[in-house]
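> what would the 3D arrangement of this be:
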Amino acid sequence: QEEEDAEALAGQLAERLAELERMREAARWLGTRPQLGQEVLERGDPESLVRQEQGALNAELPALLRAYVDALRRSNARRPYRPKPRKLWTVQEALDRLARLVGHLPEWGELQRFLPETLLDPVERRAALAATLIAGLEMARGGGIELRQEAAFGPILLRRRPGEAAEEPETAHDAAA
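Predicted coordinates for the structure are as follows:
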C-alpha cells in the first residue's frame with residue numbers, strides 16, 4: 001500500500017505541478033495583454049467632455065483689470081512728475097506786439113486778433129490773452145487806444161484813439177513813470 005500511496009502522491013504532485021505551470025503560462029499571457037483602465041477603457045464608461053488643463057491660471061476679467069490698474073499706478077508712482085515746459089507771454093511782449101499792430105487798425109478789432117497764431121496750447125493761449133488784456137489796459141491808460149465791451153462776457157474791442165498817429169509802443173516802464 002505504501003507503493004500505491006507513493007505512486008498516487010507522485011501522480012497528484014505531478015498534476016499539481018502541471019496545473020501550476022498552466023497558471024504561470026496564463027499569467028504571462030495576461031501580462032502581455034492591454035490593461036483595463038490604462039491602455040483600454042471599458043465600454044460604457046462615461047467620458048468627460050470638459051477639458052481641464054492642469055496648472056493653467058484661473059482669473060476673471062474684473063480681477064485682471066484691477067491688477068493691471070494697480071500695476072500702472074505703482075509704475076507711475078516711481079517716476080517723478082515733470083510738468084510740461086510752457087512758454088508764457090510777458091506783459092512787455094504783449095505790449096510791444098499790441099502797439100505794433102494797433103497802428104495799422106482803422107476800426108474796432110477784437111482783442112483776441114492780437115494774439116500770436118503759433119499758440120496752440122490752451123493754457124499758453126489763455127496766459128497770452130491775459131497778458132494782452134493787461135497791455136491793452138496800460139495803453140488805454142496812456143491814451144493810445146480805446147477799449148470797449150458791449151456785453152458782459154462779450155468780446156473786448158479795441159482801436160487806435162481817433163486823431164492819434166501810429167507811434168512807437170509805450171512800454172510798461174514808461175507808463176508807470
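> all strands of the protein, in order?
Listed in chain order, the strands of the chain (DSSP state E) span residues 109-110, 145-149, 156-160.
> most tightly packed of these?
strand 156-160 (a mean of 19; mean count of other Cβ atoms under 10 Å). Yep, even glycine has a C-beta here, placed from its N, CA and C like the rest.
> can you tell me how far the spatially most central residue of the chain is from residue 79?
Closest residue to the average C-alpha location of the chain: residue 72 at 7.9 Å, with Cα atoms, centre = their mean. For residue 72, the distance to residue 79 (Cβ to Cβ, to the nearest Å) stands at 11 Å.
> ranges for the helices of the chain?
Counting by DSSP state H, one finds helices in the chain at the ranges 2-32, 61-78, 91-102, 122-142, 172-176.
> need those in CSV (columns: mean pLDDT and distance to residue 158).
Conversion of those to CSV gives the following (pLDDT from 0 to 100; distance: least, Cβ to Cβ, whole Å):
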stretch, mean pLDDT, distance to residue 158
helix 2-32, 91, 108
helix 61-78, 86, 46
helix 91-102, 83, 7
helix 122-142, 86, 6
helix 172-176, 44, 16
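> of those, which approaches residue 111 most closely?
Among the helices of the chain, the nearest to residue 111 by Cβ to Cβ is helix 122-142 (6.1 Å).
> which positions within stretch 75-93 qualify as buried?
Using 16 or more other Cβ atoms under 10 Å as the test for burial, stretch 75-93 gives 89, 91.
> one more: stretch 113-129?
The neighbour-count check on stretch 113-129 (16+ other Cβ under 10 Å) flags 114, 115, 119, 124, 127, 128, 129 as buried.
> pull the number of nearby residues for residue 96.
Neighbours of residue 96 under the rule other Cβ atoms under 10 Å: 16.
> give me the contact list for stretch 17-36.
For stretch 17-36, contacts defined as Cβ atoms under 8 Å, 6 or more residues apart in numbering pick out 40, 42.
> so what's the gap between that stretch and the chain middle?
Taking Cα atoms, centre = their mean, to the nearest Å, the mean C-alpha location of stretch 17-36 is offset from the chain mean by 70 Å.
> could you do stretch 148-165 as well?
Using Cα atoms, centre = their mean, the offset of stretch 148-165 from its chain centre is 47 Å.
> do stretch 2-19 as well
92 Å.
> what residues of it count as buried?
Across stretch 2-19, burial judged by 16+ other Cβ under 10 Å covers no residue at all.
> repeat for stretch 92-105
By neighbour count, and taking 16+ other Cβ under 10 Å as the criterion, the buried residues in stretch 92-105 are 94, 95, 96, 97, 98, 99, 102, 103.
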